[in-house]
Each structure stands twice: as C-alpha cells, then as structure tokens.
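Chemist: Fold the following, please.
(chains A, B, C and D)
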There are 4 protein chains.
Amino acid sequence: MAGNQFGKLFSVTTFGESHGAAIGGVIDGCPAGISLDLSAIQQDLDRRKPGQSAIVTQRKEPDEVTFYSGLFEGKTTGTPIGFAIHNTNQKSHDYSHIKDSYRPSHADYVYDQKYGFRDYRGGGRSSARETASRVVAGAIAKQFLAGIQFHAFVSAVGDIKLEQPYTELDFSAIEKNPVRCPDPKKAEEMEAYIRQIRKEGDTVGGIITCVIQNVPVGLGEPAFDKLHAELGKAMLSINAVKGFEYGSGFAGAQMKGSAHNDPFNADGSTQSNRSGGIQGGISNGMDIYFNVAFKPVATVMQEQETINNKGEKVTMQGKGRHDPCVVPRAVPIVEAMAALVIADYELMRRTNKI
Amino acid sequence: MAGNQFGKLFSVTTFGESHGAAIGGVIDGCPAGISLDLSAIQQDLDRRKPGQSAIVTQRKEPDEVTFYSGLFEGKTTGTPIGFAIHNTNQKSHDYSHIKDSYRPSHADYVYDQKYGFRDYRGGGRSSARETASRVVAGAIAKQFLAGIQFHAFVSAVGDIKLEQPYTELDFSAIEKNPVRCPDPKKAEEMEAYIRQIRKEGDTVGGIITCVIQNVPVGLGEPAFDKLHAELGKAMLSINAVKGFEYGSGFAGAQMKGSAHNDPFNADGSTQSNRSGGIQGGISNGMDIYFNVAFKPVATVMQEQETINNKGEKVTMQGKGRHDPCVVPRAVPIVEAMAALVIADYELMRRTNKI
Amino acid sequence: MAGNQFGKLFSVTTFGESHGAAIGGVIDGCPAGISLDLSAIQQDLDRRKPGQSAIVTQRKEPDEVTFYSGLFEGKTTGTPIGFAIHNTNQKSHDYSHIKDSYRPSHADYVYDQKYGFRDYRGGGRSSARETASRVVAGAIAKQFLAGIQFHAFVSAVGDIKLEQPYTELDFSAIEKNPVRCPDPKKAEEMEAYIRQIRKEGDTVGGIITCVIQNVPVGLGEPAFDKLHAELGKAMLSINAVKGFEYGSGFAGAQMKGSAHNDPFNADGSTQSNRSGGIQGGISNGMDIYFNVAFKPVATVMQEQETINNKGEKVTMQGKGRHDPCVVPRAVPIVEAMAALVIADYELMRRTNKI
Amino acid sequence: MAGNQFGKLFSVTTFGESHGAAIGGVIDGCPAGISLDLSAIQQDLDRRKPGQSAIVTQRKEPDEVTFYSGLFEGKTTGTPIGFAIHNTNQKSHDYSHIKDSYRPSHADYVYDQKYGFRDYRGGGRSSARETASRVVAGAIAKQFLAGIQFHAFVSAVGDIKLEQPYTELDFSAIEKNPVRCPDPKKAEEMEAYIRQIRKEGDTVGGIITCVIQNVPVGLGEPAFDKLHAELGKAMLSINAVKGFEYGSGFAGAQMKGSAHNDPFNADGSTQSNRSGGIQGGISNGMDIYFNVAFKPVATVMQEQETINNKGEKVTMQGKGRHDPCVVPRAVPIVEAMAALVIADYELMRRTNKI
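Modeler: Okay, here's the model as predicted:
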C-alpha cells in the first residue's frame, strides 16, 4: 500500500489497523525549537475520540498518545517525531459477520480484490481510526503555526444547515455543544435529529466548514500544487468525504464574473472574498474557507442484503457501536489536515526567493 | 516554484508562460511499447485551443505539439517524452494596463508578493495556457489506458443545468455542439446564454461532469492517496476550479445511510452507484463520476476599480480576447487530468501483491 | 529534519534517538501476501546488536522488535508495517562530558549549528542506533525478495585485507567468526588486531564487501536513478561510511577499455564481470558486488583536546562502551540497505512496459 | 522509465536521446530573483562539448541551449525553466552494426531486456549526451549559490595521478590545459598518454576530484539524506562512474581513530579535514572534497567478439568518433551535479528551524 505519507516537507507517515496493537506514525520535517504543549495535542485527540458525548459511538477508546522521539526538554529537536496510540480494547470481538461477507458501501470487497485478503477486524486499515494519527500530527502543525487559527465546525447535518455566512458566527461557541455547531439553535436541532436517526438504527451525512485565519500571503505553488488543490486532497482523503468546495464553491459556478470578482482595497486586501483567500493557487492573506461533505456512515443497525466472498447472497445485521453521524467527531480531523497542508506550504514558501 | 510535476509513477512536469517562447513538458514513467497515435493527441489539443468556435476566445493559437524524445518507430520507448508547443503569436502586445496594476481575482497581486516581481505578459505562468501541456500528457495517458473511457462534458452553464442522471445521456453527442453538452436542447440554451453574456462584456461559470468507464477494480491507495482524493486534487489544480464532488457528492451529505448504501450484486458490482465507483479510496469497477465547478473568468470587458503596485486606486478596462465561459474548452483538460491520475494509479496497482 | 524516509515504492521511515524511549519506523509499500518469518528478522537484529561478541561494544541492548500493524495471520496485508524497538536501558547516564562539548569528528557541533540545540544523550539522532530500524525493514525486504541472496562480509580491517576475488570465498563461513570475514585465517588476524586496538583505547576502520546474487535482469532506472547510484546512496547513508565502489571500482579507473569490457556469452551473461552486474544503471543478471569503506569510530578511549559550545578549549575523555571497529556489526546493515534498494527497484521494474 | 528527475526542491527533469531531435529539461524550484548570466551557462556547456580539443571526440555538436520559460528581464521568476539543446547533426548515420547487436559493457542488452526494444541510434537515452542537460541546470544552480566555489579537476588518468593534496594545487590552472589537471607537468603526461591510447584504438579511465569551498554550516539531512550520500548518488548517476569517496575515503578505512579525528579550533573549524567538510551528514563549513572514479569508455576502435539479439556470436568494430578518455569532458558534469545537490540542500536548510 502506498500513500501512507502526507506532506512533502512537513510530513506524517501513519500506520495501524483498527483493532491491531497500536496505530501511530512518524512526523518528519517538523522544524526544531517548537515548545510543544502536549496537553493541547491530547485535547484534539479527545475531541475526536469515541464516547465523548451521547450522539457519537459509545465505544471506549481513551486514545492516549505516546511520543517516542523528536522531543527534548519540551521542545522539538528537528528530528522525526515517532508516536503511537495503543489499543487498550483488543478483547476478542466477534467478527464472524464481516470475515467472509462484504458490508455494503464499505471497503471490504475492494480490499479483498486488491490485496488478495484482508485484516477484517473492525475494518482494518480502512477504519477511520487511522485519523487519530492525523490529529496528533495536525495538532503539532498547529503549534508550529502559532498565529494562524483553524476553526472547523459542523454547518449541516442532513438537511439542517446554517444559512448565515461564517462571518456572522461566534467561533467560541463551537465547542459548547456536542454537535460542534456554532449556532446554538441549529445545534439543538441537529442534536435532536441525530438522536432520532440513531433510534431508527440509521445514519446521516453532514457538512463541515473550516475557516483559516491570519494566513500569510504567498502560500501555495501555482501549477499542480495550488494551495486549494492540496487542501482538497487532504479533505477528500478523510474517510466518508464526498466533496470539497472553497470560496464561492459550486455556487460560484452559477455567477457572473462581474459579480464574482473581489475588488481590492488599497492595502491588497479585498472587499469581498469569493476567492476564499486563495488566488491563482496562492494565499492572498484573506480568510481561507471551505466546505467538506461527508456521506452517512455505511454501517446501519438494520438488516441489509449483501454478498459473501463466494458471491452468495447473505443477510447482514450491523453490530457494534457506531456513529449515527460522523461530522461532530470529524471536526478536529478537518482542522488537523488543514494544519498539515498549511505547515507544509509554509516551509515550501521559504524557498521562493533568493 | 515547486509543484510543476504531477504524478508519481506516470508523471508530467510542465513549463512555460502564456506569452513566452514556448510551453511544454516532460512525461516520465510512461511504459515502453505503446503505439502512439499522434493525431489523437493533436485532436485533444484542438478541443482545448482558442478560436475553435464562436463562443470561446477568438485568439489564434494553433497549439501544435512537437515531440523531442521518448518515441521511436511510432512507439514509446520507456524513456522520458519531451515536448513543446511553440508560441507563434509573440507579437508585441500592449501590457501596460496589467504591468503595474492588479487585475481583480487574478493572481497578479499574489505573484508579486510571493516572488518579488512577475512576468506580467498575458498572465505569465498563472495563465490557463499551461493546461495545453496537461492535455498532451493526458492524451498519451489515455492511449496507455486503452480500454478505459473518459467522458467529460458540460453539465451546467450559469444556472442552466442538466437534470437527468448521466446514465440517460448519449456521450456520442458531446462533441456535436460547441458547448460540449450531450443534451442538444440544453446545449442550445447554454450556447445562447454564453453569447448573451459575451455581449454584456461579462463572463459566467459552469460545471463539468466526468464519467470514467471500464476502470479495473483495485486502483487507489487507501489512506492519504485515495483515488478520489487524487482526482480531486487533479481537478482543483485546473485554473478557475472552485469545487469537486464525486458519486453522491454534496447531495449525499443530506442522505441517510440506509438510502445511500449501494447493495451488491452477486458478481461484486453494485445495484446503485452512489459510491461513484470508489469505495475506501479504491476503485470497485463501477463507473467513476464526478463534478467540477468552475468560477466565471475573472477578466470581464467592463471597467473595474482596482489598485496598482503602489497601492493606488486605478480603473482597469479588460482588453484582449477572452473566454466568456471557460467550461467548453476545459472539457479536454478535465479528461486529461483524469487520465493522468488513472495512469499513475494503474502503475501503482502493479506493486500491490507479491 | 528531512530525509528520514528511504525508498520510493518500498519505503521505510525511521524515528528515534539513541537514548530515547524507542526507535522504530513505518514500512510502506510492502506488497501483500508475504508469509513473514519473524525469527529471521530478529536474527538480523541480533547480528547487529551490541554485546554479541568480545570484539564489539559491551553495551547491553536486546533490540527486540515489536510490530504494531501490517501483519495478519502471519502474512503482510499490504498496509504499512509499524514497528518499534524499545530502549530497556534508559537509566540515567552521565552525559556531562558531551552536553556542552563537541566530540571531535562527531555530529555534535553541526547539530547545534543546524538546529540551535540537540538531544545530546548518546549522540541522539546521529547515533548508529538508528540503523537497527533499517535492519528490520531490510529483513522484510529480503523475505519479499526470496530467491535473491545478499552476502555481505568484512573484507578489510585496517590494512589487513582479503586479496582473493569474492568468487573464491565460501560465504557459509561468514557467520562462523565474530569478525564476519569468510576467510578463517584472515578473520583470526583481524580479530587479534581489533583486540589490540581496543587495548590501546583506539579504534580502526575497515571495508565491507557485499555480493548480491540471482538478481533478475532489468532493475534500475537509466538516468539519475541508476541502480548503483541508489546502492551508493544507501551505503553512504550508513554512519561512518566514507566510500563506495562497485564492480571494478577505483581500480577500473586505471584500466584500458580493451581489458575492462566484459565479453558476452551467447545467453547474454558475460565472461568477466567488471561491470559488477550493472550496465547503464540496469542489472544485467550477473552478480552485483560492491565495497563500502568505513572510517574508524570517532569515540576513542583516549584524552582529546576539543572545544565546548562557548568556543573554549576543553579536554575530553571517551566514556562508555564503544566499538573498537564497526564493521563486524555493520554487515547486516549493509545487507539491509542493499535489500531495501533491490526491493524498491523490483517494484519499479513492474511499471516498465505495457 | 522513472528517475529522470534529480533534486527535491531545486530539481531538474531531463529528456532526450543521443540522436533524437533535441535533449533538454525542466528546472523546477529555482528561486525567483537570480540575475542569470546566460554566457556562463553556455561556457559550462562548451567545457563539456565534443570537439573542444585534440584529446576528446571529434564529433561536432555545438550544444547551444535555448531557454523557453522561467526568465523575465534577465532574472529568474521562480517559475519552471524549460530548455532544449537541439541536435544539429541528425544526418543519417549508419547504425547497422549496433541495431541488432549488443556492444560489450554498454547498455544495449539491458535496454532490450527491460523495455522490449530500444532506440539504438547513438546509444539512445543511455548516451552521456544526456549530461549536457545536467550541465545547464548545474550552471544555474551555481549562480543561485554565488559565494560557493566548485572546483573539479582531473586527478588521475590511467595510473598517472596527482600525489599532492588538493590544498597544494592552483585551481586557476585547471582550465589551462585540455586535460583539466591543475598540475601542468602531470597534465602533459596525461595528455601524451591519452594521445597514445587513442592511437592504439583503445580507451582509458581516470579520476576527477572536486572541491567545494565556502559551504555554509548546516547543509545535509542526518539520516538517509546525508549530504555526502546525495553527492555520492549524484556522482554515481554520471555515465561510466564506478566509485565515490569523500574526505579520507577508502584510505580512511585503514586508519586509527586517534589519527583520523579532526581536532577543533576555537571557532568550530577543524585543524585537519579528514571529515571532508561533512560530519554526521551535515556540512561543517570546511572544504567538501571527493573523488569520482570513471571506467574506460566501452567503445574501443578494435574488433570485439559479441552477440546479437538472436544470441549469435558476431564480430563488432567500433565506429564513429569517441572519447579515448572521458574525464576531461566530465569535469563540468561533476561540478554541475555537485551544484545541484548543494542548491537542493540549501533550500532544504531553510526549513530546519522555526
């Protein structure tokens, strides 16, 4: 399997299966001299971990990270940062229902086809548990990027959505409800809806919006590695993501140029920001903002017809403790991937000029 | 500037500014033994080139590609394929209006900030002229991938959109109208709308849909390099793109899991295809389909207020011959980038198993 | 710090400082379906570990590897293989002599200059302890490459050298003496010399020769990534290595072409093998062989004048338990790096042709 | 074919076969703002070109470089620099003797095996003509690295060698004789020897030494990407190179640590320089110096027995105009590759610290 590394200069390489001994990774290229606040890293992990509220999966995974290298006397040394999150909950599960059968809209079938067999325990490598490693790396990237703020939040659950622009939201309200939606009223509606969906044994999709503030001008490489192209890849690499748009996004495709263009102020800032903080692939100093669409979790607590690895029709009943809606826990993952992209491009930016 | 290379195993590295001597590139990793049809490559270039119809820019650029290496007796040799498209139209243009001033929603300002100065002629490196090199590389990738079909088409111009699913369209109709929309009636509406937009001196955005058929099972790397993540990056790296969604896309975020899941047939194919041909980042053999949103072209033939490089307010009048709507010419670019991704992952797939 | 990853398709990313909590890494791109013999991996680690004989450092480091992922039911799954070697010997050492002072011909000074400070415990990241992670990855690469043999051995210690060509050696004798020299008589001389050097509180350099047999024709990329160029980089990346030559090597620079050329046999094999199994950067199926020169270990048990981080002259006395000669323990490291290169190029080879 | 790109941040991707239409490449990552002296680039090409003196091949190839992009008003813009060297001498050669037969110790056989067929004209991609593109890129790297000096010279031809250390040589004498040896007396001997070798219809090997001066402290990545490891790879990727050693090199393998260590001066410089300017893979500010061994050119003007592609024995007679000794023309290639490595690591160095 290729593709377990993200980033060119500030990179993370991850390993680990859902129900294996541990997940973890190696962060390479992190500059020396960052005074790391380890509790802030654990805090981001806690925002992602199962069991944190009534509307997420009730699995118990403490997700405590252990660092093996790259830190000395509280600071990054410039050497690679090895870390692991050990699985404390490796008791013998019953996997008989997925060992030989393919869960619909999961990766079971394609893994078997691609690799010849698979580690079927808990989804193996295809489980979103892998994203905990990304959160660790992203939390370190955030500390490297002190001064830049990453605000991700839930802007839609099913068809309940925020209608106001992000500029009218109070980001300090995001963490005040289990949905991570900064509009308290909508948050309540969303929460109620997720509870109902869970009762139905069903799941529902949603949208996360991310706003990055105080980004310096000049991040991004103009051709294939446009800043938004890498942000898009980063987001689309998160489990269950089906779409990405930044700035005016899909709505921009309906607009006229005369209405879409962002007029300049004298200082180079712009009066509107349909560009989403990026022009020609390069950050222009305005807020970067984008939306990430998540499909509903594929594991539903309902009977489904499916096939086994002999091509026989079988009936499958979802088991275990799963999220009825993935977006509340995905908020720190979106932030982490955004921070990894910005960190990588910040290092790249240093090589622009003589 | 980094990021002028795309692809890890089947890669293209491009060079060239809009009004420089030539654009071109190097294709590396193309397998040996492909009998290349050079006219098919030129044909894709012709689908992208200016002046091809009344609804695109009337600039004259023949865009003829010259190959310097990597071919022998009609076949690829496995060595790098160097190529160039010479600019025949390097007459002295008048750039005085953009030399010191920043066109709104263009890359002029950020280039100056990032690099200290810029080649202002025709947008320099930020011009979409660079995509002609991508079309050359993509056309070769398509020939490597004989058996896989790439069908891109215009599915929306402004708020005129195709409503039917792609399965009800006749792909053979795509090239029969200048808009490249397979629905003849909608194509006429779109064409009329683009003509009107041009008369207004304005521009409009649109959406391109791409369908890839006959993709083998097993393309894609499950973590960061999910197949759709790389497709997303590829599309977002095209000039003017603001959004990407595949399969159920943003609409999928509103759905319930019970309705979203794709039930299997006995042979591993699925009855529905909301997964968009990709599960867990790996192709499952079903059609891959996705939408790409393009913003309206920033150069409008209207007076705009803007600033110059001293931070002074100036008035700018769009000049030259520009596209009122970019999507008809972007269709072959979308196909090219899609083919480059699939070619790269096809080579990667060969390394999966012992 | 960049550069903690080796390999493009079959890669390893390592982490860890000498006296930190653990060293380890992630192996990415290992094909699925290899039945791994874990004891063979530990055996290679044991060949590298301290304390294995009287002529190496007497430190006690069991160097037991723990695998966290990528294996299921005894086979590689194609997913990344995470592993760690925990340090069992983290008792409080006395580092006062190196904390502020720079050991001559060590990396202390340049680390401080490059990173602003350093983890001085036992050499930190610059310690050769990092190579244990390489041995783990290389041992897995060897199992992927079943059928190809890697024979590394000590061919010189100081000025005691093997004079015969490798074809006259019995590789099965390599592991029968602590020096890992296949000529029993020379091995005794070398061992005696190393014992004497140790008594003097001094160290001595040496040469390792490596022979790779049964390599298929066609490994290697002809321009920058010639097979021997990557082998050279791999060897030069091992601590204390000062030189690399393959085939006729430096001696070949004195020869005439008429005497140097390797005449072909009818089957494409060659009668002589001054090419060292590689022509034009591509393996030709003959034995690949090369020499790797190691400098004497810089830590001597003698007083040395040096400077501290204030630029003051200080006297330093070597402490701890160090190798008088590094080559006996470096034999498995050379094999491991060779196996990593061959594995990477074997995967690359699969992409040559349609 | 992979591996036609060298460098991670300051990179060059090359294309072109010996007797194709053109060779050339794309330089990516060159910082913006370098005032390029184009004549200095051509001058390096002239030092490499055929026909420059009586002791090199008498082929006529003017090797004039054309730049297509990346320059504006005399300065690098930060965008990729595309360039080509057109072949003016594409007249119909007679290749019948190599079309179906394999020249001994050339790459003909392995290319056919690897790719299924080959462009046999003049060696195709395996020809050292490819190195002209490297010289172009290296000459630009040198200008980026103004302040750092690259001095390469011939230190041995056959068994005629310089005995004095490089510190006793006058680098300004290098270009004063056709051999490019800074010792005038030895240069005469070497020249006479090469003339004699040519008369014999034979060829001879040699050694190039390179000294890099005024390198800042801190270039190099400590693990796999040690500065000398990348320099070694760079040199070993040049056609005909068989060995690389830096600092004390192979001689260092015979030494004792007490004699090998470089004592510090108070300012961090060292009294001796057996480390070759690199400690732990990182430059320490002292001169970097290394030796590169070249085998004799494989094409001799004598009859040789060989085989054809049917495995039949045939007699082959060298034809055309070839170098009796490659080292005089390889001097600028060694410098170019050294400059590319240093440029890449200089950009990487900027990312070390916060």
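Chemist: And the helices in the stretch 101-250 of chain A, which stretches?
Modeler: Listed in chain order, the helices of the stretch 101-250 of chain A (DSSP state H, counting those that start in this stretch) span A:108-115, A:131-144, A:184-199, A:227-236, A:249-252.
Chemist: from the chain's centre, how far out does stretch A:205-225 sit?
Modeler: Its chain's C-alpha centre and that of stretch A:205-225 lie 14 Å apart, by Cα atoms, centre = their mean, to the nearest Å.
Chemist: One more: stretch A:69-79?
Modeler: 26 Å.
Chemist: ditto for stretch A:339-349
Modeler: Taking mean C-alpha positions (Cα atoms, centre = their mean), stretch A:339-349 and its chain are 17 Å apart.
Chemist: Give me the pLDDT value at the residue in the stretch 51-200 of chain A positioned nearest to chain C.
Modeler: The nearest approach of the stretch 51-200 of chain A to chain C comes at A:Gly82, 3.2 Å away (Cβ to the nearest Cβ). Yep, even glycine has a C-beta here, placed from its N, CA and C like the rest. In the prediction, the pLDDT value recorded for A:Gly82 is 98.
Chemist: Also the one 4 residues further on?
Modeler: A:His86 carries a pLDDT value of 96.
Chemist: residues touching it, list them.
Modeler: Taking Cβ atoms under 8 Å, 6 or more residues apart in numbering or on different chains, we find A:His86 in contact with A:21-22, A:64, A:66.
Chemist: residues in the stretch 151-300 of chain A within reach of chain D, list them.
Modeler: A:222-223 (Cβ under 8 Å from any Cβ of the partner chain).
Chemist: quick revisit: would you point out the most distant pair within the contacts of A:His86?
Modeler: Looking at these by Cβ to Cβ, the two members farthest from one another are A:Ala21 and A:Glu64, with 14.4 Å of separation.
Chemist: coming back round to it: near chain C, from the contacts of A:His86?
Modeler: Among those, the residues lying close to chain C (Cβ under 8 Å from any Cβ) are A:21-22, A:66.
Chemist: A:Phe150 against A:Lys142, yeah?
Modeler: Yes: with contacts counted by Cβ atoms under 8 Å, A:Phe150 reaches A:Lys142, the gap being 6.3 Å.
Chemist: Overlap of the contact sets of those two?
Modeler: Common neighbours of A:Phe150 and A:Lys142 (criterion: Cβ under 8 Å, 6+ apart): A:335, A:339.
Chemist: the strands in the stretch 201-350 of chain A, which residues?
Modeler: Counting by DSSP state E, counting those that start in this stretch, the stretch 201-350 of chain A has these strands, from start to end: A:206-213, A:241-246, A:278-279, A:282-283, A:288-294, A:303-308, A:313-317.
Chemist: The first one: partners in the sheet, and parallel or antiparallel?
Modeler: Using DSSP bridges, the strands paired with strand A:206-213 are strand A:149-157 (antiparallel), strand A:288-294 (antiparallel).
Chemist: which residues does A:Met316 contact?
Modeler: With contacts defined as Cβ under 8 Å, 6+ apart, the neighbours of A:Met316 are A:97-98, A:101, A:103-104, A:303-306.
Chemist: Can I get the buried part of the residues you listed as one PyMOL selection?
Modeler: Buried residues within these, as defined by 16 or more other Cβ atoms under 10 Å in any protein chain shown, are selected in PyMOL through the command that follows:
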select buried, chain A and resi 97+98+101+103+104+304+306
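Chemist: got a list of what A:Thr203 touches?
Modeler: Taking Cβ under 8 Å, 6+ apart as the contact definition, A:Thr203 lies against A:197, A:296-300, A:322-326, B:256-258.
Chemist: now it, nearest residue through space, not along the chain?
Modeler: Beyond its immediate neighbours in the sequence, the residue positioned closest to A:Thr203 (Cβ to Cβ, 6 or more residues apart in numbering or on different chains) is B:Gly257, lying 3.5 Å away.
Chemist: Let me know the pLDDT of the one you found.
Modeler: B:Gly257 is assigned 96 on the pLDDT scale.
Chemist: correct me, but it touches A:Gly201?
Modeler: No: no contact is recorded between B:Gly257 and A:Gly201 when judged using Cβ under 8 Å, the distance being 9.4 Å.
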